[in-house]
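K.L.:
Sharing a model that was predicted from the sequence below.
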Amino acid sequence: MTGCMQRPAPNAIVSKQARLQCLQQMQNWHAEGRVAIQDATQYQTASFRWQQRDQQYEVYLYSPFSTQSVTIIGDATSRRVVAANGVPDSELALDEHLPLTQLGYWAKGIPTPNSTPTALKYDSHNQLQQLQQDGWQIEYQKYQACDPVSLPEKLTLSDGTAKVKLFIKHLRRE
């Protein structure tokens, strides 16, 4: 239906409350991009496709240069690996470093509704720039113009043991 459109006028600033309400109403969406995950022992990169339908998500992580892929399905209470093609069992821990339930909200640029953030920082356009929640520090480096509000394009998450960089190439409402 509606995806990223033309950049809104630079002086069109949406209030924090209106922005939050708009993004909370965005329950069904699809995103594509790249993810890089680094912990003390390894560095992994993958491309991803994310399908969100209300509280349920399906994340497909794959390497564009090999046949390795992982599909993870979950919701607020559980998640499971449903397919792992060519991925060694030792690398299936990839999903352990991705807070997928929370990431569905953070990828839209809003805190998760089931816990209180310990810190929030906004820019002059009321876009979230920094967020601390559920033991994670999230920094938003870049937003992409969408209609009616901008959406994150580049963000970094860190929990002290792992660092996750997310590059969202396309995010569209469905």
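P.N.:
Good, I have the coordinates.
K.L.:
Confirm residue 18 sits in a helix?
P.N.:
Yes. Assessed with DSSP: H, G, I helix; E, B strand; the rest coil, residue 18 lies in a helix.
K.L.:
Which residues are in contact with it?
P.N.:
Residue 18 makes contact with no residue, according to Cβ atoms under 8 Å, 6 or more residues apart in numbering. The way it works is simple: take the backbone N, C-alpha and C, and place the C-beta from them, glycine included.
K.L.:
And the pLDDT at it?
P.N.:
If you check residue 18, the pLDDT there is 93.
K.L.:
how far away is residue 29 from residue 52?
P.N.:
5 Å (Cβ to Cβ, to the nearest Å).
K.L.:
now residue 171
P.N.:
10 Å.
K.L.:
shared neighbours of those two, anything?
P.N.:
In contact with both residue 171 and residue 52: 29-31, using Cβ under 8 Å, 6+ apart.
K.L.:
Out of those residues, list just those in strands.
P.N.:
If you go by DSSP state E, the shared contacts of residue 171 and residue 52 have 29-31 in strands.
K.L.:
Take these and lay them out in a markdown table including distance to residue 136.
P.N.:
Output for these, formatted as a markdown table (distance: Cβ to Cβ, whole Å):
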| residue | distance to residue 136 |
| --- | --- |
| 29 | 21 |
| 30 | 23 |
| 31 | 18 |
